[in-house]
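**Student:** Quick one: sequence and predicted model below, then my questions.
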Amino acid sequence: TLLDKDQLDFFIRHNVSLMFSLDGHKNVNDRYRHFRSGGGTFDRIMENLEFARNYNSDYFREKVSISTVLTPPFDEVNDIIDFFSTHPLIKDSTRNVSAHFVNTKDTSFIEDFGLETGMKKFPGVAKRLAQRLKQVFLKGDLRNLTIEKNRIYGILMDIAFHSIKKLTEISVPTGTCHIGLRRVFVDTSGRFHVCERAGNHYPIGDLENGFDYDTIASYYRKLDEVLADCRDCWALHYCERC
């Protein structure tokens, strides 16, 4: 919302990628994304998207992307897909539109907005995305892919183009972190946790005492149980799921 000519010149000069947060058409986007005054951000975002495209179309095509967050009540998913598929400013210009489901863990988001009923529709959203993806495949026009791309199509592409190599004796799914080694989430009290995605549910030590290796070992034992079905999976090396 704060993009101006000086900032854009800086981004272009230093080859910086630029991501716009846009959740869909005006009613959907402005449901949660609004200014302190209460006014929605949709009009400002669209103005800045158009400004970036007109200012430097090559930069816009190669470096500008859009991130959309799918949020309850999930009753406008098809409208959101249609928006990204048909809007002339978006459909043929940005190199990537990525979609994510809202993460409400450790928050009161659902209760604050009275979305308990809407959350029950969550399982059906992925099914609708898969159905849209299937129709695109049947029609043979992959250009119509928008927010379905990274949710489902991206997984299929990873499998299709993954390099063929000899299996190693020891392997873990590539999305599985080594606890405390790859990343650490430190909260405001100085406590260590597995990562920011898991919130404060998996403590592994603190600043004063360091890592709690016994607890970390217990998590690995639990992980071994959870991954039991993964050991014989043909897609083990393609998996990027946390």
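**Tutor:** Good, I have the coordinates. Numbers count the residues shown, from 1 in each chain.

**Student:** can I assume Gly180 sits in a helix?
**Tutor:** No: read with DSSP: H, G, I helix; E, B strand; the rest coil, Gly180 is coil and lies in no helix.

**Student:** Surely it touches Gly210?
**Tutor:** No: in this structure, Gly180 is not within contact of Gly210 by CB atoms under 8 Å, at 9.9 Å. All C-beta atoms are positioned from the backbone trio N, CA, C, and that covers glycine.

**Student:** which of these two has more neighbours?
**Tutor:** Neighbour count, other CB atoms under 10 Å: between Gly180 and Gly210, Gly180 has more, with 19 against 11.

**Student:** That one and Ser218, how far apart?
**Tutor:** Gly180 sits 13 Å away from Ser218 when distances are taken as CB to CB, to the nearest Å.

**Student:** Same question for His178.
**Tutor:** From His178 across to Ser218, the span is 15 Å (CB to CB).

**Student:** ditto for Glu76
**Tutor:** 43 Å.

**Student:** The two - which one has more neighbours?
**Tutor:** More crowded of Glu76 and Ser218, by other CB under 10 Å: Glu76, with 18 against 11.

**Student:** Have a look at this structure and report its longest helix.
**Tutor:** helix 122-139 (DSSP state H).

**Student:** Give the buried residues for it.
**Tutor:** For helix 122-139, burial by neighbour count (16 or more other CB atoms under 10 Å) applies to Val125, Leu129, Arg132, Leu133, Val136.

**Student:** same for that helix, what does it pack against?
**Tutor:** Applying 3 or more CB pairs under 8 Å, 6 or more residues apart in numbering; DSSP states H and E, we find helix 122-139 packed against helix 77-86, helix 148.

**Student:** Highest mean neighbour count out of these?
**Tutor:** helix 148 (a mean of 25; mean count of other CB atoms under 10 Å).

**Student:** helix, strand or coil for Val69?
**Tutor:** strand.

**Student:** before we move on, the earlier item: least reliable of the helices and strands packed on helix 122-139 by average pLDDT, please.
**Tutor:** Note on the helices and strands packed on helix 122-139: helix 148 shows the lowest mean pLDDT, a mean of 66.

**Student:** Low-confidence ranges, this structure, go.
**Tutor:** Across the chain, the ranges flagged by pLDDT under 70 are 92-95, 141-146, 148-155, 158, 167, 170-176, 237, 240-242.

**Student:** mind listing the strands for it?
**Tutor:** 18-21, 64-70, 96-101, 185-186, 191-193, 203-206, 210-211 (DSSP state E).

**Student:** For the third one, C-alpha coordinates in CSV please.
**Tutor:** Taking only C-alpha atoms (Å, rounded to 0.1, in the frame of the first residue of the first chain), the coordinates of strand 96-101 have been written out as CSV:
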residue,chain,number,x,y,z
ASN,A,96,3.2,-16.2,-9.7
VAL,A,97,0.1,-16.2,-7.6
SER,A,98,0.6,-18.2,-4.4
ALA,A,99,-2.2,-19.3,-2.1
HIS,A,100,-2.1,-20.2,1.6
PHE,A,101,-4.7,-21.2,4.1
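
**Student:** Now the residue most central in space within the chain: closest residue in space that isn't a chain neighbour?
**Tutor:** Geometric centre of the chain, nearest residue: His100, 3.8 Å, by CA atoms, centre = their mean. Distance criterion CB to CB, 6 or more residues apart in numbering; nearest residue to His100, sequence neighbours excluded, is Val69 at 5.4 Å.

**Student:** mind giving me JSON lines with the strands of the chain and columns for distance to Ala52?
**Tutor:** Putting the strands of the chain into JSON lines (distance: least, CB to CB, whole Å) gives the following:
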{"stretch": "strand 18-21", "distance to Ala52": "7"}
{"stretch": "strand 64-70", "distance to Ala52": "6"}
{"stretch": "strand 96-101", "distance to Ala52": "14"}
{"stretch": "strand 185-186", "distance to Ala52": "33"}
{"stretch": "strand 191-193", "distance to Ala52": "37"}
{"stretch": "strand 203-206", "distance to Ala52": "42"}
{"stretch": "strand 210-211", "distance to Ala52": "45"}
